[in-house]
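Chemist: Need the 3D shape of this:
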Amino acid sequence: MRELRGIAAELGGAVVSSTVLAGGFSHETRLVDLGERQVVVRAGGGDPVIEAGVMAAARAVVPVPGVLLVRPEVMVIEYVAGTVLSRVLDDGGLNRSDAGALGAEVGRVVAGISGVTFERPGFFVDGSLAVKAEAPWSQQLGPVAEECMRKVPDGRLDAADRAAWVRLCAAGAPVLAGVDGHARLVHADVNPKNLLVSRAGSGWRVDAVLDWEFSYSGCAYGDAANMARFGDGYPDGFLDGFAAGFAEGQPADLPLAEDWGRIGRVLDMFALSDLVTRPSGHVVADQAADRIRAAVTRE
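Modeler: From the prediction side, this is the model:
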């Protein structure tokens, strides 16, 4: 609470109340009432200076909360009203048409993220969003998968599944050669918990895209695959609408590859490989392991 009082003082207010919000596995998020306004305080996670720089760049193309304050390991952002997309998808109230319309709007917004461009692909190294040069993704996937499989906690994947996954990644990697040169903003954690939505007349509006800590410069198709990764339980019609909206929302200077869905799924192999290295008991990591087992079964 002392830290929150200091933050409130810097923002010219005082803490009236503080409520823990559902957040990511790498950070804690609180909604803080300062009396005249509410703000969101997030502690932990990645470098907040880099994330603040990403959010500032992304605000030019998609709805993103404004950053109010950055401290070491702490970021304070504007509070944005809206409903977390996961809640909307889980409540069972969407028919196919409505789910499709919601998916299409989300798809258009996610596609819009790639409207931010950089000189080269790679990972950001500072708040100015300078990009560290990396080996092409098509050359990285096999070695990254192999390294990650060595770190998987005992019991999550057996040795045969780990070896089969490495082979599958290596076999799919050449597909990425066509997008190795893409240098577009990638959110890298597009999922229903990181989007706020609301009704807009008879349709839907995306109010905010949240949690940019994993962002990098690369190919946007990975974001589409990220949204679809655990989509088995989404309402009927949502993913079809999302795919159509994503295709429609592509920047004019970035023609959509005919096999963009397949490329996205191969890009998502990076994320799945990394996710399963999380400690035992990590729910999303266990879900990722299920996806890997399913994939190698089809190998």
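
Chemist: ok, residue 231 touching residue 237?
Modeler: No: Residue 231 lies out of contact with residue 237 (CB atoms under 8 Å); the separation is 11.4 Å. Backbone N, C-alpha and C define where each C-beta goes, glycine included.

Chemist: So if I had to pick from those two, which one is more boxed in?
Modeler: Taking other CB atoms under 10 Å, residue 231 and residue 237 do not tie; residue 237 has more neighbours (19 against 16).

Chemist: Going along the chain, name the strands of the stretch 1-150 of the chain.
Modeler: Assigned by DSSP state E, counting those that start in this stretch, the strands in the stretch 1-150 of the chain fall at 17-21, 27-33, 38-44, 67-71, 74-78, 83-84, 122-124, 131-133.

Chemist: neighbouring contacts of the shortest one?
Modeler: The reference is to strand 83-84. 22, 192-193, 195-198 (CB atoms under 8 Å, 6 or more residues apart in numbering).

Chemist: starting at the chain centroid, how far to that strand?
Modeler: Here strand 83-84 is found 15 Å from its chain centre; the criterion is CA atoms, centre = their mean, to the nearest Å.

Chemist: Could you list the paired strands of that strand along with their orientation?
Modeler: With DSSP bridges as the test, strand 83-84 is paired with strand 195-200 (antiparallel).

Chemist: try the fourth one
Modeler: Based on DSSP bridges, the strands next to strand 67-71 in the sheet, each with its direction, are strand 74-78 (antiparallel).

Chemist: Pick the one among the contacts of strand 83-84 closest to residue 54.
Modeler: Taking CB to CB as the measure, residue 54 lies nearest residue 195 of the contacts of strand 83-84, at 16.1 Å.

Chemist: With adjacent residues omitted, what lies nearest to that closest one?
Modeler: residue 85 (4.2 Å; CB to CB, 6 or more residues apart in numbering).

Chemist: Ok, residue 212 next?
Modeler: Spatial nearest neighbour of residue 212, excluding adjacent residues (CB to CB, 6+ apart): residue 54 at 4.6 Å.

Chemist: quick one: contacts for the one you found?
Modeler: Per CB under 8 Å, 6+ apart, neighbours of residue 54: 124, 129, 185, 212, 215.

Chemist: roughly how far apart are the residue lying closest to residue 57 once chain neighbours are set aside and residue 38?
Modeler: Nearest non-adjacent residue to residue 57, counting by CB to CB, 6+ apart: residue 116, 5.1 Å away. In this view, residue 116 and residue 38 are 28 Å apart by CB to CB, to the nearest Å.
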